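[1] turn this into a structure:
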Amino acid sequence: MTDASLYTVRTDDPELKDYFNLLKPRVMSLVVFTALIGLLVAPVGVHPMVGFTAILFIAIGAGASGALNMWWDADIDAVMRRTAKRPIPAGKVTPGEALGFGLALSGLAVIMVALASNLLAAGLLAFTIFFYVVIYTMGLKRWTPQNIVIGGAAGAFPPMIGWVVATGSVSVEAICMFMLIFLWTPPHFWALALFMKDDFSNAGVPMLTVTHGHPSTRRHIFAYSVVLAIFAVGMAFTSIGGPIYLLTALVLNGLFLQGAWRIMARDTEMALADDYAIEKKVFKLSLIYLFLHFGALFTDTLLKSLGLWGGWI
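    The predicted model follows:
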């Protein structure tokens, strides 16, 4: 947990941008996008104001999770290059302010989603916040190398929540969208961990690269990429899939598998020789992977609504 001796003591009042940065805006953008697609591809339409309000507060709930994560992880954030400039270790916001901010936004987000849509959607949002903050951040992250595998579920809930906002229930399609993100998360983070190993080891985070080494991590990336590719392509043949999604999934997963195979086929010495060029390339591909898949789902839904595509089933 937070150790104040590891980060800069604040010398002035926090600015609005400091609180905004607590929300992890880049992560929040993916949450907003996937939750919105989950809502839009659902077979039941919602009033635009209901949809806007629900997505807004799903985003705020995700941001609240980020603030609470930064509150708890300020000590390890301070010793990792990737996170050292976050608001708490940089001395912009105190841990107490981040905790209060995160708790207040969490409560507000859950209440507003319940009022705007339904209790099931609000319950899923509350569980997502709890899962990310308590189960992943406070529990799994510093305890097991499977932290990313299990903790990835937190980031997989937004499209399911969006679907439930529209339909009031969980269905196979919602579970499929959840699984796409859940299976993507480990190879995405492990590719990053391969060229950021020192960060995690210095912070005492038992990432797979630290506990099992690079060769094992490389094999894990390829194995998960195979399962991810099978699932991603297969999702094209569900009620929310279509030709645009199928083409997108075939191309993206072909590239992803090729990159994962190349990662597995080399060792640390080879990676060091080109400054982890392949690992960085796969990581960059993973950053657009979900945006393109979910964008394709929406495109197929649009084609169906225009009568240009009847669907597989």
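[2] so which helix or strand takes in the residue most central in space within the chain?
    In the chain, the residue lying closest to the centroid (Cα atoms, centre = their mean) is residue 155, at 3.9 Å. Following DSSP states H and E, one finds residue 155 within helix 153-156.
[3] which SSE is immediately downstream of that helix?
    Downstream of helix 153-156 (by DSSP H and E), the next one is helix 158-167.
[4] who does that next one touch, helix- and strand-wise?
    helix 25-40, helix 48-72, helix 95-116, helix 119-130, helix 172-195 (3 or more Cβ pairs under 8 Å, 6 or more residues apart in numbering; DSSP states H and E). Quick note: C-beta positions are derived from backbone N, CA and C, even for glycine.
[5] redo that, cut-off 6 Å
    Counting contacts by 3 or more Cβ pairs under 6 Å, 6 or more residues apart in numbering; DSSP states H and E, helix 158-167 packs against helix 25-40, helix 119-130, helix 172-195.
[6] relative to helix 158-167, how tilted is the shortest one?
    What that stands for is helix 119-130. On the basis of axes from the mean of the first three to the mean of the last three Cα atoms, to 10 degrees, helix 119-130 is oriented at 160 degrees to helix 158-167.
[7] who touches helix 119-130?
    61, 65, 106, 110, 113-114, 154, 157, 161, 164-165 (Cβ atoms under 6 Å, 6 or more residues apart in numbering).
[8] which of those sit farthest apart?
    Largest separation among these by Cβ to Cβ: 114 and 154, giving 19.6 Å.
[9] more neighbours, these two?
    Set residue 114 next to residue 154 and count neighbours by other Cβ atoms under 10 Å: residue 154 wins out with 25 against 18.
[10] find the nearest non-adjacent residue to that one, please.
    residue 132 (3.6 Å; Cβ to Cβ, 6 or more residues apart in numbering).
[11] ok, now residue 141?
    residue 147 (4.8 Å).
[12] surely the residue nearest to residue 154 is in contact with residue 153?
    No - assessed by Cβ atoms under 6 Å, residue 132 is found out of contact with residue 153, at 8.8 Å.
[13] and the chain, split by domain according to the record?
    1-169, 171-313 (automatic domain parsing).
[14] returning to what we had before: show me which of residue 132 and residue 153 is the more surrounded one.
    For residue 132 versus residue 153, neighbours defined as other Cβ under 10 Å are more numerous around residue 132 (23 against 19).
[15] does the more buried one count as helix, strand or coil?
    The three-state label given to residue 132 by DSSP: H, G, I helix; E, B strand; the rest coil is helix.
[16] how many other residues sit next to the nearest residue to residue 138 once chain neighbours are set aside?
    Among residues not flanking residue 138 along the chain, residue 72 sits closest, at 5.9 Å (Cβ to Cβ, 6+ apart). Counted with other Cβ under 10 Å, residues neighbouring residue 72 total 22.
[17] coming back round to it: and the gap between the residue nearest to residue 141 and residue 213?
    16 Å (Cβ to Cβ, to the nearest Å).
[18] look at these two and report which has more neighbours.
    Shown here are residue 147 and residue 213; by other Cβ under 10 Å, residue 147 has more neighbours (21 against 12).
[19] how much space between the more buried one and residue 253?
    Residue 147 is 25 Å from residue 253, by Cβ to Cβ.
[20] same question, residue 36
    For residue 36 relative to residue 253 (Cβ to Cβ), the value is 23 Å.
[21] just the pLDDT at the residue nearest to residue 138, thanks.
    Looking at residue 72, its pLDDT reads 95.
[22] what's the answer for residue 286, then?
    96.
[23] just give me the neighbour total for the closest residue in space to it that isn't next to it in sequence.
    Closest residue to residue 286 apart from its sequence neighbours, by Cβ to Cβ, 6+ apart: residue 188 at 4.1 Å. As a burial measure, residue 188 scores 26 neighbours (other Cβ under 10 Å).
[24] kindly report the same for residue 146.
    Other residues close to residue 146 by other Cβ under 10 Å number 14.
[25] any idea how far residue 206 is from it?
    Taking Cβ to Cβ, one finds residue 146 at 9 Å from residue 206.
[26] longest helix of this structure?
    Secondary structure of the chain per DSSP state H: the longest helix is helix 277-305.
[27] where does the protein have low pLDDT?
    Scanning the chain for pLDDT under 70 picks out 1-13, 197, 313.
[28] what about 80?
    Along the chain, segments meeting pLDDT under 80 span 1-14, 197-204, 311-313.
[29] the spatially closest residue to residue 207 that is not a sequence neighbour sits in which helix or strand?
    Leaving out its chain neighbours, the residue that sits closest to residue 207 by Cβ to Cβ, 6+ apart is residue 200, at 4.1 Å. Applying DSSP H and E as the criterion places residue 200 in helix 197-203.
[30] what residues of the helix or strand just after that helix count as buried?
    Heading C-terminal from helix 197-203, the first helix or strand you meet, by DSSP H and E, is helix 208-211. Across helix 208-211, burial judged by 16 or more other Cβ atoms under 10 Å covers 208-210.
[31] nice, that's everything, thank you.
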